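Visitor: I would like the atomic coordinates for the input below:
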Amino acid sequence: MSGQCDANDATVLATEAAFFEAKRDELLRSAQGKVVLIKGEEIVGIFDTPEQAYAEGLKRFGNTPFFIKAIEREEPPASIPALYLGLIRAHS
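Guide: Sure thing, here's the model as predicted:
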């Protein structure tokens, strides 16, 4: 996604996330290990890297929210390097 999010953007991305979940099995069969770019309820494209998907999203949609997701069977664990490195704290 590009730019800052407001409440409406979060709603759009929730819609796109739900669309991804509805299509996950189909995407796993045809493109596991790739990255999908979704805008609204449309699969815009399948890419080898997140960077390729992001570049296409910017080219087609400009500085607006769009959804990029790796097509994997299981979600990877969340990683927050700044937290691990002590640059931010979980508890203030």
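Visitor: Next one, pLDDT for the most centrally placed residue in the chain please.
Guide: Nearest residue to the geometric centre of the chain (CA atoms, centre = their mean): Ile68, 2.8 Å. Reading off the confidence values, Ile68 has pLDDT 96.
Visitor: Am I right that it falls within a helix?
Guide: No: using DSSP: H, G, I helix; E, B strand; the rest coil, the assignment for Ile68 is strand, not a helix.
Visitor: isn't it right up against Ile43?
Guide: No: judged on CB atoms under 8 Å, Ile68 makes no contact with Ile43 at a distance of 11.6 Å. In this view, the C-beta of every residue, glycine as well, is placed from N, C-alpha and C.
Visitor: Please identify every residue contacting each of these two.
Guide: Both Ile68 and Ile43 are in contact with 36-37, where contact means CB atoms under 8 Å, 6 or more residues apart in numbering.
Visitor: Okay, strands next: where are they in this structure?
Guide: 35-39, 42-47, 67-70 (DSSP state E).
Visitor: just the CA coordinates of the first one, formatted as PDB?
Guide: To tie it back to what came earlier, the one meant is strand 35-39. Once non-C-alpha atoms are left out, strand 35-39 reads as follows in PDB (Å, rounded to 0.1, in the frame of the first residue of the first chain):
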ATOM      1  CA  VAL A  35       2.600 -12.100  -4.700                       C
ATOM      2  CA  VAL A  36      -0.800 -10.800  -5.600                       C
ATOM      3  CA  LEU A  37      -1.900  -7.200  -6.200                       C
ATOM      4  CA  ILE A  38      -5.600  -6.500  -5.400                       C
ATOM      5  CA  LYS A  39      -7.600  -3.300  -5.900                       C
END
